[in-house]
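1. build me a structure from this.
(one chain, ligands or ions: 1)
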Amino acid sequence: MTALAIATEDIAPAPGPAPDPGPVRPRMLTGDRPTGRLHLGHYAGSLANRIRLHRRYQSFFIVADLHMLTTKNSRADIAGIGPRAADMVLDSLAAGLDPAHSVFYLQSGVPEVAELSLLLSSLVSVPRLQRIPSLKEMARHAGQREMPFALLGYPVLQAADILAVKATTVPVGRDNSAHVEVARELARRFNRRYGAVFPVPALVPADVPALPGTDGRAKMSKSLGNAIYLSDPPDEVVAKVRRMYTDPARTSPAVPGTVEGNPVFVYHEVFSDRPAEVADLKERYRSGRVGDAEVKEKLAAALNRFLDPIRERRAALAADQGLVEELIVTGTERTRHEVRRTVAEVRAAMGLTTALAGFRAAARSRAR
Ligand code: TRP
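-> Predicted structure coming up:
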């Protein structure tokens, strides 16, 4: 039982044709607000999953700049959208997203999504949205004492993104799962009330635990300054790993150390291509037979082996001037085309086109 607050569930099914089977190839949509260069936390938490999944679908990747405005809307924030979006797309391609299977688009370039968000907003109650913990968290994080109207509508706008491209699959992290649940409710409620327009999107939880920061804090994040970026040069990776937080109780290589939750070993575990080396280091760490310097040196080497091909592809892609920009432009146009179709369908299903069409007919007959 979901805690639905508004009484639209018992509306009789709309008469009409059987549900549209939808697009032939299933569609996936996911994405992020424009935060800039991607780091190892993004890779472990979402990018690896996207890379694994994206060829099975028609994959759409949103740069959600309108969502960013709900918490960050200074002129400087807005001026940063372009370079940040370009960096994110560049990093995603360098890490392995295939442009032949990916549509990258800028949300603000598809203004019809805002119209869909407005139309959907009549189908959800304020208390339903107020109960979503991630929104309170975001408001607090942005230093807002009161909930901004747009932030309360964040999940409705996200539902509009998802439903506008008729996505069937939405892989997101835990902090976004409640928003996808809103999208599912809105799809069902819309279909029941006005006729079958939307596939009900499936949530694919990316259930990897957050990657800790280099400082040992629970989450790697740009704002905490504890991130290793996919685009960091090798010597920077070495320097960052040298400064990494490890077991603080360990004052000499002879002191037995703790491996569990130790970020140095978490990274070894996630990114190293040499499991035997990692097992050996763990074993010697636990029994006080290895120094932190060696563990870190091997980690930096492993991270650089992982990052080398990504950096190489990134440099090649960046040298192809205008490539990323072109992908974003064509992706945005492609998406806008899809979304316009969906919104026209939505307006027709709701009967919103009837009144004006009637007026037009009457006006035309008078003119004759
Ligand atoms: N809310 C996502 C974030 O945390 C970004 C986003 C906007 C999104 N629209 C989406 C994710 C649609 C998946 C599907 O940044």
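
2. alpha carbons of stretch 226-244, in PDB - could you do that?
-> What follows is stretch 226-244 as a C-alpha-only set of coordinates in PDB (Å, rounded to 0.1, in the frame of the first residue of the first chain):
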ATOM      1  CA  ASN A 226      37.700  14.900  -1.400                       C
ATOM      2  CA  ALA A 227      37.400  13.700  -5.000                       C
ATOM      3  CA  ILE A 228      39.600  12.100  -7.500                       C
ATOM      4  CA  TYR A 229      38.400  13.100 -11.000                       C
ATOM      5  CA  LEU A 230      38.400  10.900 -14.100                       C
ATOM      6  CA  SER A 231      40.300  13.700 -15.800                       C
ATOM      7  CA  ASP A 232      43.000  14.100 -13.000                       C
ATOM      8  CA  PRO A 233      46.500  13.700 -14.500                       C
ATOM      9  CA  PRO A 234      48.600  10.700 -13.200                       C
ATOM     10  CA  ASP A 235      50.800  12.800 -10.900                       C
ATOM     11  CA  GLU A 236      47.700  14.400  -9.300                       C
ATOM     12  CA  VAL A 237      46.300  11.000  -8.600                       C
ATOM     13  CA  VAL A 238      49.500  10.000  -6.900                       C
ATOM     14  CA  ALA A 239      49.500  13.200  -4.800                       C
ATOM     15  CA  LYS A 240      45.900  12.700  -3.800                       C
ATOM     16  CA  VAL A 241      46.400   9.100  -2.900                       C
ATOM     17  CA  ARG A 242      49.500  10.000  -0.800                       C
ATOM     18  CA  ARG A 243      47.300  12.400   1.200                       C
ATOM     19  CA  MET A 244      44.500   9.900   1.700                       C
END
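
3. please enumerate residues in contact with it?
-> 37-43, 87, 91, 94-95, 213-217, 220-221, 263-264, 296, 299-300, 303-304, 307-308, 310-311, 314 (CB atoms under 8 Å, 6 or more residues apart in numbering). Heads up, the C-betas are built off the backbone N, CA and C, glycines and all.

4. list the buried residues for stretch 331-350?
-> Neighbour-count burial for stretch 331-350, counted by 16 or more other CB atoms under 10 Å, picks out 331-332, 334-336, 338-339, 342-343, 346-347, 349-350.

5. my bad, should have said stretch 31-38
-> Gly31, Asp32, Arg33, Pro34, Thr35, Arg37, Leu38.

6. touching the ligand at all, that stretch?
-> Yes: contact between stretch 31-38 and the ligand, assessed by CB under 6 Å from any ligand atom, occurs at Gly31, Asp32, Arg33.

7. what residues are up against the last one?
-> Read it as Arg33. With contact taken as CB under 8 Å, 6+ apart, Arg33 is in contact with Val63, Ala64, Asp65, His67, Met68.

8. swap in 7 Å and give it another go.
-> Applying CB atoms under 7 Å, 6 or more residues apart in numbering to Arg33 gives the contacts Ala64, His67, Met68.

9. same check on the first one?
-> Shown here is Gly31, whose contacts under the criterion CB under 7 Å, 6+ apart are Phe61, Ile62, Val63, Ala64.

10. among the residues you listed, which ones lie close to the ligand?
-> Restricting these to contacts with the ligand (CB under 6 Å from any ligand atom) yields Ile62, Ala64.
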